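**Student:** Need coordinates for the below:
(2 chains)
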Amino acid sequence: MHAQSHPGAGEPEFKALLEIAIQADVFASNWEHCDRIASYVARMVSHNRTDSLLYLNLFSSALNELLETAFRAHRGEGELACKVLRAGPIDRVELTIPSDAAIASFYRDAVDTAQRPDAAESYMAALFAEGPVDRRIGLLELAVDYRAKFSVREAGRSSVRLVADLALDEA
Amino acid sequence: MSFTVRYDDNNQELQLAGSMSPQASGDLGDFRNEFLRAVGLVDGTLYVNVKKLVRFNNVAFHEMARLVAGASRDKPQLRIAVVTSSVVGWSARKFRALTRLSPNISVEDYDTQFYPGQDVLEDGGFIPILRTQTRMTWRHEREILPRHGLRAGMAVADICCGIGDFAVLVSKEFKPSRLLAVDHAKPSLAYARQVASDFGVKGIEYAYGDAASLLIEDNQFDFVTCRHSLQIFNKPELILKELFRICKPGGRVYVTNEKNSHCLGEPRAESIQWTYTEVAKLFAHFDMDVELGPKSRRYLLDAGFDEIAMESFMVTSLDGDPQDFADIIQAWEDVYAGKMSVERGDDAAFNKRFRQGFQDHIFAALHPRGYAGWPIWVASGRKPA
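**Tutor:** Next up, the predicted model:
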C-alpha cells in the first residue's frame, strides 16, 4: 500500500491505492471475473470521491471495459495485475497483461487509435460495424466518453502494461 | 450478468434493467427477441427505458446498435426514444451515439420530470427555510430516533437528504460507522457538501441518486431514513421498495410525513384549517399526498416491513423562537399560494382566501396568547431478518 510511482516530467505524483493480481488462465476461465473485479475495485476506490455512488458506477463501468479488453487480448501464462493509483482527481489504472508480440502490437494500435483526434469517428465505426465486435471498442469508448488518457509499454519480456488515466469527476 | 428485459405494450416501452455485460452477442437472445417483438408491435414511438440499467458493456451496445439500425431501416417511420437517467453517469453520453443512426432516434433524460416538487426545493431561496424546519423538527427527532432503533455506530443512509442538515445532526449525535446521504437535487447536494466542508464535518458521503432506483447494493444499512419525501413522490411504494432493499435484514427504515390538513392554530382556527385543507387538495392536484403521515403504517406493511412503530409529534410556535415558526409558514405561503396555486390556475379570490389562512397561522404563532402547530407522523418498520 501507498507505494509511489515515479512521476515523469510534469506528471503528478501517483500514490498506489490497491493492486489485484490473478493468474491469467484463472482470470480467463470465467467472463464474470471482469465484472466482479471491476465492481470490487470500484467499491474500494470510490468511497472518498465527491459523489461515491456516481463515481463507483462510472469507475466500475470503465474498469470493466478495460478488463474485458484484457480478457479478449492476452496471450500466454503469467499474472494479470490490476493496480489503481491516485493523483488528485485522476485515478490511474495499470493493467499488466501477459502478451506476445501480436498482443503487444494490438495494444499499441488500440492506444494509438484512441489517442488520435478522430477517436470519436473510430468509436462510431466500431460501434456500427457489421460482424464481430472490434476488440478496441472498449478503449475507444473510454477515450471518447470518459476522456481517458492511455499509454502502453512493455512490462518485462512477456507482458504489456496498459495505463489508463481517468478523471471521472470531470468526465 | 443479470438483467431483465420486458416490453410494455400499453406504454410502448421496452424496459431494460440490471447489468448487461455479455461475453458474446449470442448471450442476448431474450433482449433481441423482445426488441424485435416490440418493433413489430409499435406505432409511432418506441420508448427504450434504460434508466435502471447499471452496466451495459460494448458487446451489448454493439448488438443494440445493430438492432436499432435494422429497425430504422426496416421501419423508417418508427421513432425510438431512449430514456436514460442522469443518476447513471455513463448512460446518456453512451446512448447518445445512437442518434447518429437516424433523426428519428432521440435520447431523453427522464429526471427533469421525476419529482414534481423538485423545482421548489431547488430554489436557493428555500434553503434557509429548510434549515429552520430541520432545526425545529430535530428538537423532537433526536429523542424519537432512538425509540425507533437508531444507535451509535450503525451504518445509516438518509435517502432524499435534501440540503443534508439532518445527516449532519445525525452524524454529530449518533456517530454512525457510515453515513450515506442521497438526494436527487444537485444544488441541494452542492449546498450540503459546502456546509460539511465549512463546518469541518467529515465522514458523510453525499451522493446524487434516484430514490426509486438507488445505485446501492442490497442489505447495506442498519438504519435508513427518508423524511418528508414519500409525501411528495407520486409513487411512494417505489421508494419504499428501495429503502427495504438497501436495509439490512433486522435493520429498520424510518420515515416522517405530514398530514397538512391537521396544521392548526388559535386564534383564527377556522381560516387556518380551511387553508391547510386546501393545501392538501393543491398537492393532490400535482400528484403529491401531503396527507400521507397516518398512512405510513399501511405503506410500511405493504412494503414487507414488520414490527411497525409509529408516533406523531407537533412542531409548535412554542418550540424556541415563534418567529422561526412564522418564517416557515411565510415560506409555505410563498410557494403554495405564490407558485403552485397560480400554476393550477386558481382565481384571485381563491388565492386571496388561501393566503389569508397562512397569515392567520402566522398571526396565531406570534400572538402573545396564541398557539400554532404543525403535526408530523413518524413511522418505522423492521426488515424481517
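
**Student:** remind me, longest helix of chain B?
**Tutor:** helix B:127-147 (DSSP state H).

**Student:** for that one, packing partners?
**Tutor:** When contacts are defined as 3 or more Cβ pairs under 8 Å, 6 or more residues apart in numbering or on different chains; DSSP states H and E, helix B:127-147 sits against helix B:165-174, strand B:247-258, strand B:306-316, helix B:322-332, strand B:371-382. For the C-beta atoms, the positions are set from N, CA and C on the backbone; glycine is no exception.

**Student:** which one of these lies closest to chain A?
**Tutor:** Minimum separation from chain A across these (Cβ to the nearest Cβ) falls at helix B:165-174, 13.7 Å.

**Student:** any idea whether the residue sitting furthest away from the middle of chain A is helix, strand or coil?
**Tutor:** Ranked by distance from the centre of chain A (Cα atoms, centre = their mean), the top residue is A:E130, with 25.4 Å. Put simply, A:E130 is coil when judged by DSSP: H, G, I helix; E, B strand; the rest coil.

**Student:** does A:G76 sit in a helix, a strand or a coil?
**Tutor:** Going by three-state DSSP: A:G76 is coil.

**Student:** Can you list the low-confidence ranges for the chain?
**Tutor:** Assuming you mean chain A. A:1-9, A:170-171 (pLDDT under 70).

**Student:** To clarify, I was referring to chain B.
**Tutor:** Short version for chain B, where the test is pLDDT under 70: B:1, B:111-125.

**Student:** picking that back up, which one is the residue farthest from the centre of chain A nearest to, not counting chain neighbours?
**Tutor:** Residue nearest to A:E130 in three dimensions, not counting chain neighbours: B:R66, with 7.6 Å by Cβ to Cβ, 6 or more residues apart in numbering or on different chains.

**Student:** can you give me phi and psi for that neighbour?
**Tutor:** Dihedral angles of B:R66 (phi, psi; degrees, to the nearest 10) stand at phi -60, psi -40.

**Student:** Count residues in the vicinity of it, would you?
**Tutor:** 17 (other Cβ atoms under 10 Å in any protein chain shown).

**Student:** how about the residues of chain A that lie near chain B?
**Tutor:** Counting by Cβ under 8 Å from any Cβ of the partner chain, the residues of chain A close to chain B are A:31-32, A:34-35, A:47, A:50-54, A:56-58, A:60-61, A:64-65, A:68, A:123-124, A:126-130, A:133, A:137-138, A:141, A:145-146, A:168, A:171.

**Student:** out of the residues you listed, which are inside helices?
**Tutor:** Residues of the residues of chain A next to chain B located in helices (DSSP H): A:32, A:34-35, A:52-54, A:56-58, A:60-61, A:64-65, A:68, A:123-124, A:126-127, A:137-138, A:141, A:145.

**Student:** residues touching residue 96, list them.
**Tutor:** Looking at chain A here, since you left the chain open. A:79-81, A:83, A:155, A:159-161 (Cβ atoms under 8 Å, 6 or more residues apart in numbering or on different chains).

**Student:** look at chain B instead
**Tutor:** Per Cβ under 8 Å, 6+ apart, neighbours of B:R96: B:V107.

**Student:** That one falls within a helix, correct?
**Tutor:** Yes - counting by three-state DSSP, B:R96 is found in a helix.

**Student:** Against B:F166, how distant is it?
**Tutor:** For B:R96, the distance to B:F166 equals 36 Å [Cβ to Cβ, to the nearest Å].

**Student:** again, but for B:R79
**Tutor:** Distance from B:R79 to B:F166, by Cβ to Cβ: 43 Å.

**Student:** So the two - more neighbours on which side?
**Tutor:** Neighbour totals were compared for B:R79 and B:F166, and B:F166 leads with 24 against 16 (other Cβ under 10 Å).

**Student:** got the contact list for that one?
**Tutor:** When contacts are counted by Cβ under 8 Å, 6+ apart, B:F166 touches B:134, B:138, B:158, B:225, B:227.

**Student:** residues near A:Y107, how many?
**Tutor:** Applying other Cβ under 10 Å, we find 26 residues neighbouring A:Y107.

**Student:** Excluding sequence neighbours, find me the nearest residue to it.
**Tutor:** A:Y107 sits nearest to A:V152 (Cβ to Cβ, 6+ apart), 4.7 Å away.

**Student:** Kindly report the same for B:I129.
**Tutor:** B:A331 (3.9 Å).

**Student:** now do B:Q356
**Tutor:** Nearest non-adjacent residue to B:Q356 (Cβ to Cβ, 6+ apart): B:S271, at 5.8 Å.

**Student:** can you check B:V50 too?
**Tutor:** Excluding its sequence neighbours, the residue lying closest to B:V50 (Cβ to Cβ, 6+ apart) is B:L16, at 5.1 Å.

**Student:** same deal with A:H47?
**Tutor:** Using Cβ to Cβ, 6+ apart, the nearest residue to A:H47 is B:E205, at 6.8 Å.

**Student:** Please apply the same query to A:E19.
**Tutor:** Using Cβ to Cβ, 6+ apart and skipping residues adjacent in sequence, the residue nearest A:E19 is A:K83, 4.2 Å away.

**Student:** can you check A:A42 too?
**Tutor:** A:S60 (3.5 Å).

**Student:** how many other residues sit next to that neighbour?
**Tutor:** 25.

**Student:** Pretty sure it sits against A:S39.
**Tutor:** Yes - contact criterion Cβ atoms under 8 Å: A:S60 and A:S39 qualify, at 5.2 Å.
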